[in-house]
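Peer 1: would you be able to build a 3D model of this:
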Amino acid sequence: QVQLVESGGGLVQAGDSLTISCVASGRAVSQRNMGWFRQAPGKEHEFVAAVGWRSGSIPDYANTLKGRFTISRDNAKNTVYLRMNSLKPEDGAVYYCVADGGLELSRNSLAYTHWGQGTQVTVSS
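Peer 2: Predicted structure coming up:
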């Protein structure tokens, strides 16, 4: 079993930056793909970013977020981070940390077995 605990969400202003974190615990967490999804009210889960467990793994980003968001992980701390720059009101959502996903990174929420409880990010205009 794998447990994921997100933190770092909050209320920020448009244009601000924010980094959210996810600490993973449990079986073989350092050998699992990890990523972030988000869900705004009334919308489905949206892929944000993912990164593999191997050193040098090239992250994958949603096309619309690439360049503003950066995912990284520290396997020694079993932690994955999401740095969000130039935040916009439409970035406001609950951000979920996910783990697993098989051999390749996936943008499909169904590929991820483990989900955290989510952390709320609100961006005021």
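
Peer 1: grab the longest strand from this structure for me.
Peer 2: Criterion DSSP state E: the longest strand present in the chain is strand 18-26.

Peer 1: residues contacting it, please?
Peer 2: Applying CB atoms under 8 Å, 6 or more residues apart in numbering, the external contacts of strand 18-26 come out as 1-10, 12, 32, 34, 36, 77-84, 87, 95, 97, 99, 116, 119, 121. Heads up, the C-betas are built off the backbone N, CA and C, glycines and all.

Peer 1: are any of these buried, and if so which?
Peer 2: The neighbour-count test (16 or more other CB atoms under 10 Å) marks 2, 4, 6, 9, 12, 32, 34, 36, 78-82, 84, 87, 95, 97, 99, 116, 119, 121 as buried among the contacts of strand 18-26.

Peer 1: among those residues, name the ones in strands.
Peer 2: Secondary structure assignment by DSSP E places 2, 4, 6, 12, 34, 36, 79-82, 84, 95, 97, 99, 119, 121 of the buried ones among the contacts of strand 18-26 in strands.

Peer 1: determine which two of these are furthest apart.
Peer 2: Largest separation among these by CB to CB: 2 and 12, giving 28.9 Å.

Peer 1: distance check, the residue lying closest to residue 58 once chain neighbours are set aside against residue 123.
Peer 2: Closest residue to residue 58 apart from its sequence neighbours, by CB to CB, 6 or more residues apart in numbering: residue 52 at 7.8 Å. Distance of residue 52 to residue 123, given as CB to CB, to the nearest Å: 29 Å.
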